[in-house]
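K.L.:
the following block contains a protein sequence and its predicted model.
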Amino acid sequence: MMGRSEAAHPAPRCCRDEACAFTGAPGQRAAVVTYLRDDTYLPLLQQLECTLRRSNPELELALMHVPGEVSDAGIALARALNLTLLPVEPLEFRNTYETRYGRNWLKVRALGLTQYHSVLLMDSDVAVVGDLAPLFALPTDFAAVWDQSKWLNRFRTVQQRINGGVFLLRPCAAVEAHMLQLVESHPKLRFVHGTAEQDFFGWYYRYTGTTLPMHWNCQATQCLDGNLTVGGAVPRIVHYTSQKPMKGPQPGEEGHQFLCSLRELEARAGGVAPASSSSSRSGGARRKLP
């Protein structure tokens, strides 16, 4: 299952090539979209918001969430930070590799956000440190960066798969429906022993998507060399896949020089305190997953 072939699984398209590029024409709307499944990453959401406003002050930031999963305090914080709230239906499949990966399937819902021409879907554990306009202008309906894992396969080469922390998407209800139909009818495509939606998006767009340079999703402990990537580029997005800055920037930690201070975060929240990062999920009893 290297990738989706058009012969076996023909896919709808809402745009092709140059028609996919965001131009800022009347009626076009673009946004950075992130998501939460509970309160755990609220401190990271604050870092995303602060660094995005600092680097791209005119760009809309939206929060995709399932009603009832994020606490009232978390929603109040999102409103205080002037985030657009996007309630969506839950989507989740069991994952045996890492239980929490099963909740990341919510990313498929971003394709249904057709009020936007372009969405930059980000995990909340990132800092935006550079201009994002060139990314939105790309003539493609999907783009992502290769994962920068240090795990090696038996041929001693890095496993080539995309990282799910940053996806450029052109929302398309027909594509969302097609993806849902595929994962419902083909359980192998849920990648229950792998990285779930990350592997699925890689499979779906393997032959049609665009691969981005790592400065668009620079995994801090693997990619950074001081203030630059290992390739010598200035990072645009730094992704904290480990050493997550739950308590703000920590001296000596990779990539923490790009973060906002706790004082900045407090000022931006306007006195609205986030729920504890160790809070439990607020959505009540968990459903049995397929």
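P.N.:
Yep, it's here.

K.L.:
from here on, just use CA atoms for contacts and neighbour counts.
P.N.:
Fine.

K.L.:
what ranges does the stretch 151-290 of the chain have for its helices?
P.N.:
173-185, 197-204, 220-223, 262-269 (DSSP state H, counting those that start in this stretch).

K.L.:
what distance separates the third one from the centre of its chain?
P.N.:
To tie it back to what came earlier, the one meant is helix 220-223. Distance of helix 220-223 from the chain centroid (C-alpha atoms, centre = their mean, to the nearest Å) equals 17 Å.

K.L.:
pLDDT score assigned to the nearest residue in space to Thr221 that is not next to it in sequence?
P.N.:
The shortest distance from Thr221 to any non-neighbouring residue, by C-alpha to C-alpha, 6 or more residues apart in numbering, is to Glu254 (5.9 Å). On the pLDDT scale, Glu254 is placed at 94.

K.L.:
follow-up on the earlier one: ok, which of the helices of the stretch 151-290 of the chain comes nearest Ala110?
P.N.:
Nearest of these to Ala110, taken as C-alpha to C-alpha: helix 173-185 at 8.1 Å.

K.L.:
hmm, back to that, and the residue nearest to Thr221, what does it touch?
P.N.:
Neighbour list for Glu254: Ala220, Thr221, Leu224, Gly226 [criterion: C-alpha atoms under 8 Å, 6 or more residues apart in numbering].

K.L.:
now, of those, which are buried?
P.N.:
Buried subset of those (neighbour count, 16 or more other C-alpha atoms under 10 Å): Ala220, Thr221, Leu224.

K.L.:
which of these lies closest to Val33?
P.N.:
Nearest to Val33 among these, counting by C-alpha to C-alpha, is Ala220 at 20.7 Å.

K.L.:
related to what we said a few turns ago, how about CSV for the helices of the stretch 151-290 of the chain, with distance to Asp147 and mean pLDDT added?
P.N.:
Output for these, formatted as CSV (distance: least, C-alpha to C-alpha, whole Å; pLDDT from 0 to 100):
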stretch, distance to Asp147, mean pLDDT
helix 173-185, 22, 98
helix 197-204, 10, 97
helix 220-223, 10, 92
helix 262-269, 29, 94
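
K.L.:
tell me where the stretch 1-150 of the chain has strands.
P.N.:
Using DSSP state E, counting those that start in this stretch, the strands of the stretch 1-150 of the chain run over residues 30-36, 60-65, 84-87, 118-122, 126-128, 142-145.

K.L.:
pLDDT on the fifth one, on average?
P.N.:
The pLDDT scores in strand 126-128 average 98.

K.L.:
next one: the longest one
P.N.:
The predicted model assigns strand 30-36 a mean pLDDT of 98.

K.L.:
can you spell out which helices and strands pack onto it?
P.N.:
Using 3 or more C-alpha pairs under 8 Å, 6 or more residues apart in numbering; DSSP states H and E, the elements in contact with strand 30-36 are strand 60-65, strand 118-122.
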